[in-house]
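1. A structural model of the following input is requested.
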Amino acid sequence: MLAQLAKVPFVSPEKQPAVVRLDDDWLTKGDCLGRYGRYWGCWCAICSPQNYLWGAGPEKVEMYARIGLKCAKGDSLRYWVHWLYTTNPNTLEMPPTYLHSRVVKGFTTWDRYRRQAEWDDHSEAYPMAYDGPSLYCTLKVPSGLYYLSLYNFNKDGHAPTARWRDYGVSIRQHPSGAPLSAIEDFDKRPELARARYRDFWNGAYKRFLVRGPTTLSIRLHRNHSFCTILAGVFLDLVDEEPVPYFRTLEEWNAIQADRKNESQALRLEIRTPGKRAARFRPGTTTAEAAVRLFDELEKMRLWNATWWATEGVHVYRPLLAWYRAALQEVQPGGVKQQLYARAATCYYRLGLYEKWEAGQVLCGKTPARQIEKALKWDGTTFSYQGKGYEIVTKYLEESGLRLKAAESATDLPARAERVGVPFDARR
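-> Below you'll find the predicted structure:
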C-alpha cells in the first residue's frame, strides 16, 4: 500500500477541480449535530417562512435560494413545515439553541427534538410533465477545503405521487460579480459536478469536496417529480478537529501556515524523486509500515486532494482494520492512546461518526456533537442565527473545555514518551 501511494501524482491546488463528487452518506440520517454544518449550515424552512442559519466558522458564508425561472408569474420558493416536532430519526435534529428555546417555552420536550421542514419549488401545482420550476441555491464558499453536503428525506415517499421524487443535482460556477440570485444562464455554464436523488426514504446526504474561495450555484432539477424539496445545506472543513470546536482562531491560523510550508516542501520533492522514493520504502515490520502509511495518507490531501478525498477511503479502511486488531493486543498506556487517536481519524475519514466520537472520548477530547448538544438559549436573545462561532467559543471558554483540551494534548505525548513512542499532539 505504501508503494501504491508513491505512485499518486502530484497535482497543484490551482489545477485541481473546484468541486468533486464524493460518496453519499446513508448512515447518519438526521443526526447532524456536530457532524454536519460545523462551519456553516442552513436548516431549510425550519423557522418558516425563514431558514435557520448556523455559522460556527470564523468567516461569513453567503447564500441565496430560489425557484427556477420556468414558473407562473408571482410564484416563489415555499417554506414547508410538515411535522413541527417529531422523533423520526430521518428528520434533521433542530439546532441546539433553538431547540432549547422551544423546550423552555413549553412548545416541545427534550425527546421530540426534530422538525421536518424543507424548501419546496411548488411544482406540485404544475403538471408532472412540466419542466420546472426546480430548486436553485447559490453559495459563496470561503477560502479552504470543505465538504459540501445536501440533505434530503422523502418523508411522504410512501404516497402514490411523492414516491416519484427523482432529482438531478447539478453544481456550476457562479459568474464573478453577478448577484447570487442570478440563474438566467445556469444551463450555459460548465458543470463542475453532478449527483442524483432517488429512493431517499431513509434520508441521504449528497456530498462534494469543494475548494474555496468560490461561488457555486446548485440546482435540484425536478425531473418530472411530484415536487422538488431540500431539507439542509451544510459546509464543513475537511479537518477532523476544526476551529472553533478544537482550536482557537490563532491556533488555526498557525496550523494553516504550517500546512502551507509543508505543501511547499512536498512540491520540492518533485525535483528530487529519490528523496520521495525513500519515504515510501517497504516497512521492516507491519507496525512500522502502518505508522508510515497513516502519516503519508494524511499528507496526501496536500499532495493531491482530489485523490485523497475520492480514493483515500480504500486505504483508510484496511488501516482501520489493522488498528482495531492492534488495539486488542496493546496494554493501556501511551501506545494505546496513539492507536485510539489514529483509529478515530480513520473512522472520521470513512464517515462513521459515532465510532469517531467514541474514539475522541477515549483520547480525552470532547466531540463537537457533545459541545453542540450542551449549548443553551440565554432566555432573552431573539435569534442566534449566524452566531455559532461566538456561541461555541464562549461556551468552551466558560466551561473550561478549552483548557482541558490543552491539558489533554500535552498529557498524552508525555505518557506516550514514557513508553518510548513518539506522539504528535496535533493528531
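2. distance of the closest residue to Gly351 other than its chain neighbours from Gly232?
-> Closest residue to Gly351 apart from its sequence neighbours, by Cβ to Cβ, 6 or more residues apart in numbering: Asp25 at 5.3 Å. (Each C-beta comes from the backbone N, C-alpha and C, glycine too.) Using Cβ to Cβ, to the nearest Å, Asp25 is found at 12 Å from Gly232.
3. which residue ranges of the stretch 151-300 of the chain form helices?
-> For the stretch 151-300 of the chain, the helices defined by DSSP state H, counting those that start in this stretch cover 249-268, 273-279, 286-303.
4. just the mean pLDDT for the shortest one, thanks.
-> Think helix 273-279. On average, the pLDDT along helix 273-279 is 82.
5. same question, stretch 201-212
-> Here the average pLDDT along stretch 201-212 is 96.
6. chain center to it: distance?
-> Distance, stretch centre to chain centre, for stretch 201-212: 8 Å (Cα atoms, centre = their mean, to the nearest Å).
7. ok so, going back, most tightly packed of the helices of the stretch 151-300 of the chain?
-> Of all these, helix 286-303 has the most neighbours on average by mean count of other Cβ atoms under 10 Å, namely a mean of 17.
8. just the CA atoms of that one, as PDB, please.
-> Presented in PDB, the C-alpha positions along helix 286-303 are these (Å, rounded to 0.1, in the frame of the first residue of the first chain):
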ATOM      1  CA  THR A 286       3.800  -4.300   9.700                       C
ATOM      2  CA  ALA A 287       3.600  -2.000  12.600                       C
ATOM      3  CA  GLU A 288       6.200   0.400  11.200                       C
ATOM      4  CA  ALA A 289       4.600   0.300   7.800                       C
ATOM      5  CA  ALA A 290       1.200   1.100   9.300                       C
ATOM      6  CA  VAL A 291       2.500   4.100  11.100                       C
ATOM      7  CA  ARG A 292       4.200   5.500   8.000                       C
ATOM      8  CA  LEU A 293       1.200   4.600   5.800                       C
ATOM      9  CA  PHE A 294      -1.100   6.700   8.100                       C
ATOM     10  CA  ASP A 295       1.200   9.700   8.000                       C
ATOM     11  CA  GLU A 296       1.700   9.600   4.300                       C
ATOM     12  CA  LEU A 297      -2.000   9.200   3.700                       C
ATOM     13  CA  GLU A 298      -2.800  12.300   5.700                       C
ATOM     14  CA  LYS A 299      -0.200  14.200   3.700                       C
ATOM     15  CA  MET A 300      -2.000  13.200   0.500                       C
ATOM     16  CA  ARG A 301      -4.500  16.000   0.900                       C
ATOM     17  CA  LEU A 302      -1.600  18.400   0.400                       C
ATOM     18  CA  TRP A 303      -0.200  16.400  -2.500                       C
END
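9. now the phi/psi pair for the residue nearest to Gly351, please.
-> Phi and psi for Asp25, reported as degrees, to the nearest 10, are phi -120, psi 110.
10. against Arg349, how distant is it?
-> Counting by Cβ to Cβ, the gap from Asp25 to Arg349 is 13 Å.
11. which one of Asp25 and Gly232 has more residues nearby?
-> Neighbours per residue, other Cβ atoms under 10 Å: of Asp25 and Gly232, the larger number sits with Gly232, 26 against 20.
12. show me what the closest residue to that one other than its chain neighbours is bridged to.
-> Nearest residue to Gly232 in three dimensions, chain neighbours excluded: Tyr151, at 3.8 Å (Cβ to Cβ, 6+ apart). For Tyr151, the beta-bridge partners under DSSP bridges are Tyr205, Gly232.
13. now for Tyr151: which residues touch it?
-> Neighbouring residues of Tyr151 by Cβ atoms under 8 Å, 6 or more residues apart in numbering: Cys32, Tyr36, Leu92, Gly203, Ala204, Tyr205, Leu230, Ala231, Gly232, Val233, Phe234.
14. redo that, cut-off 10 Å
-> 25, 28-30, 32, 36-37, 41, 43-44, 90, 92, 118, 200, 203-207, 230-234 (Cβ atoms under 10 Å, 6 or more residues apart in numbering).
15. with respect to Leu2, which of the helices of the stretch 151-300 of the chain lies nearest?
-> helix 286-303 (5.7 Å; Cβ to Cβ).
16. next, the angle helix 249-268 makes with the closest one.
-> Interaxial angle, helix 286-303 versus helix 249-268 (axes from the mean of the first three to the mean of the last three Cα atoms, to 10 degrees): 100 degrees.
17. from the contact counts, what lies against helix 286-303?
-> In this structure, helix 286-303 packs against helix 2-6, helix 249-268, helix 273-279, helix 305-311, helix 313-327, helix 334-349, with contacts taken as 3 or more Cβ pairs under 10 Å, 6 or more residues apart in numbering; DSSP states H and E.
18. hang on, the earlier thing: need the overlap of contacts for Asp25 and Gly232.
-> Residues touching both Asp25 and Gly232 (Cβ under 10 Å, 6+ apart): Tyr36, Ser149, Tyr151, Gly203, Tyr205.
19. tell me the SS of the first one?
-> Classification of Tyr36 by DSSP: H, G, I helix; E, B strand; the rest coil places it in coil.
20. all set, thanks.
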